[in-house]
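Enquirer: No sequence on hand, only this structure:
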């Protein structure tokens, strides 16, 4: 049974004449992190009737971000409203967790990956009218959130029906010197960036196991053509590895822009349309 209690530090109703969706900032106790875990959740129009279960998109922010970035800088709510209203997207739940600078990894800081799978997903599926099978889960993210998305898909393909990595920080072999990866405790040993730690948490470590199993997770990948971190190149390398394995279930877009919000804001709608062609539409509960 889903919990009737949501511990929320803020409740913001975003309403326009055509919409009755809600956007809430929520906290819950994470056993893994031994602290409160915050996220923002988008609930679609009609959710309050309670007679449907919805697919859930887990939408990850970049390094040093928070659970509100996709709403404030990414303007994802009007994008969702417009695409759902015109029938291009199914009504769905979007969960935007706050991961700070943990890169969504179990590195030399908090166990954020473990918290995501062991705490956040069970909490969401107990609290909301969510489809709790693979066909009801999607994951996407930008930059460090794209790094997390790629790693989650490669390690746990049975968990997600589709994914999107926007300007993913999938540097191979080494992040550029001005990348925040060099300053994140996640990848440091004794206060300095540790290449071995980076390698252990980066996609080349996980892809062979993904390629050896049968489950395919469709993935949308993009990058700005002037990305300061050369992600257009690094993302293309990763795309090629995926394309050789699942040529009909991976897309790569190079768009005009740098490593900046207009790239992600302008492409998140396209990414969601791609993902939801595989996901379940709302169904009776």
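Expert: Received it, and whenever you're ready, just let me know what you need. What you see is a predicted model; the values in this text were computed from it and never measured. Numbers count the residues shown, from 1 in each chain.
Enquirer: can you give me the strands in the stretch 51-200 of the chain?
Expert: Along the stretch 51-200 of the chain, the segments classed as strands by DSSP state E, counting those that start in this stretch run 52-53, 56-60, 93-97, 137-142, 162-166, 188-189, 192-193.
Enquirer: who does the first one touch, helix- and strand-wise?
Expert: Pointing back at strand 52-53 there. When contacts are defined as 3 or more Cβ pairs under 8 Å, 6 or more residues apart in numbering; DSSP states H and E, strand 52-53 packs onto strand 283-284. C-beta: built from backbone N, CA, C; applies to glycine.
Enquirer: And the contacts of the strand it packs on?
Expert: 51-53, 131 (Cβ atoms under 8 Å, 6 or more residues apart in numbering).
Enquirer: now do stretch 249-260
Expert: Contacts for stretch 249-260 (Cβ under 8 Å, 6+ apart): 143, 167, 216-229, 231-232, 235-236, 239, 242-243, 263, 266-267, 270, 274.
Enquirer: which pair in the contacts of strand 283-284 spans the largest distance?
Expert: Greatest spacing in the contacts of strand 283-284, by Cβ to Cβ: 51 and 131 (13.8 Å).
Enquirer: between those two, who's got more neighbours?
Expert: residue 131 (23 against 10; other Cβ atoms under 10 Å).
Enquirer: For that one, grab phi and psi.
Expert: phi -70, psi 120 (degrees, to the nearest 10).
Enquirer: same thing with residue 61?
Expert: phi -90, psi 180.
Enquirer: Residue 70 is in contact with that one, correct?
Expert: Yes - counting by Cβ atoms under 8 Å, residue 70 is a contact partner of residue 61 at 6.4 Å.
Enquirer: Flag the shaky bits of the protein, pLDDT-wise.
Expert: 1-20 (pLDDT under 70).
Enquirer: what about burial for the contacts of stretch 249-260, which qualify?
Expert: Taking 16 or more other Cβ atoms under 10 Å as the criterion, what is buried in the contacts of stretch 249-260 is 143, 167, 216-224, 227, 229, 231-232, 235, 239, 242-243, 263, 266-267, 270, 274.
Enquirer: mind listing which of those residues are in helices?
Expert: 231-232, 235, 239, 242-243, 263, 266-267, 270, 274 (DSSP state H).
Enquirer: burial count for residue 195?
Expert: 12.
Enquirer: State the distance from it to residue 89.
Expert: 41 Å (Cβ to Cβ, to the nearest Å).
Enquirer: before we move on, what about residue 33?
Expert: Taking Cβ to Cβ, one finds residue 33 at 32 Å from residue 89.
Enquirer: neighbour-wise, which of these two wins?
Expert: residue 89 (22 against 16).
Enquirer: nearest residue to that one other than its sequence neighbours?
Expert: residue 83 (4.0 Å; Cβ to Cβ, 6 or more residues apart in numbering).
Enquirer: Is there a neighbour count for that neighbour? I'd like the number.
Expert: 18.
Enquirer: for it, what are its contacts?
Expert: 89, 269, 272-273.
Enquirer: Dump those residues to TSV, plus distance to residue 151.
Expert: As requested, these are exported to TSV (distance: Cβ to Cβ, whole Å):
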residue	distance to residue 151
89	26
269	24
272	21
273	24
